[in-house]
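[1] The following block contains a protein sequence and its predicted model.
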Amino acid sequence: MEEILEENKVELSRNALQKVAMTAIYDALTYQQMGRLVNVEDIVSSLMELPYEECDYFVKAAVIFSLKHQQEIIEIFTKHMRNWTFDRLNRVEQAILLLSYVHFFYIDPEVDRAVVINIAVRLSKDFLGDKDFRFVNAILDKVLVRP
């Protein structure tokens, strides 16, 4: 993560912010699984190496909305999975899916669906197994649909 932040501490690229947001959501999910208190401010400020107040809105919003709407989002994803459940996915995959959902529906309702899916596929290729991006692509294609 340090190399991401060293790219440009003043203004991170959108790609770097996506990775930080995914990592922050992953950390929050890990704390939840361990039965520990999730402190969003500590997670975000630690990853960005900045006081929370100076951290990027996108990263903060991604974590907050993911946690606030987690059960609702999980139920939506689970409805579109055959013979599988959200909790059986690894935490990185869960973090990518949560990030994609909140980006599309809560943070930037004007963002193009293809952009969000492309980001998720790229993160999947970077952080998951060789073919896991296919599942992420397929499930997001079903879920990221505006009424």
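    Looks like it arrived, so ask away. Residues are numbered from 1 along each chain as shown.
[2] looking at this protein, which residue lies furthest from center?
    When distances to the mean C-alpha position of the chain are computed (CA atoms, centre = their mean), the maximum falls on Asn83, with 23.3 Å.
[3] so that one is in which element?
    Assigned by DSSP states H and E, Asn83 belongs to no helix or strand.
[4] State the pLDDT value of Val10.
    Predicted confidence (pLDDT) for Val10: 40.
[5] try the one 4 residues further on
    On the pLDDT scale, Arg14 is placed at 84.
[6] With the one 10 residues further on instead?
    Confidence per residue is given as pLDDT, and for Ala24 that number is 98.
[7] Confirm for me that it is in contact with Phe65.
    No. Between Ala24 and Phe65 there is no contact under CB atoms under 8 Å: 11.7 Å. For every residue, glycine as well, the C-beta is placed using N, CA and C.
[8] For the two, indicate the residue with more neighbours.
    Each of Ala24 and Phe65 has its neighbours counted (other CB atoms under 10 Å); Ala24 has more, 27 against 20.
[9] Return the longest helix in this protein, judged by number of residues.
    helix 14-33 (DSSP state H).
[10] what's that one packed up against?
    Here helix 14-33 touches helix 2-6, helix 40-48, helix 57-68, helix 91-102, helix 113-127, going by 3 or more CB pairs under 8 Å, 6 or more residues apart in numbering; DSSP states H and E.
[11] if I pick Phe133, what's in contact with it?
    121, 124-125 (CB atoms under 8 Å, 6 or more residues apart in numbering).
[12] If any of those are buried, give me the PyMOL selection for them.
    To isolate the buried members of the contacts of Phe133 in PyMOL, using 16 or more other CB atoms under 10 Å:
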select buried, resi 121+124
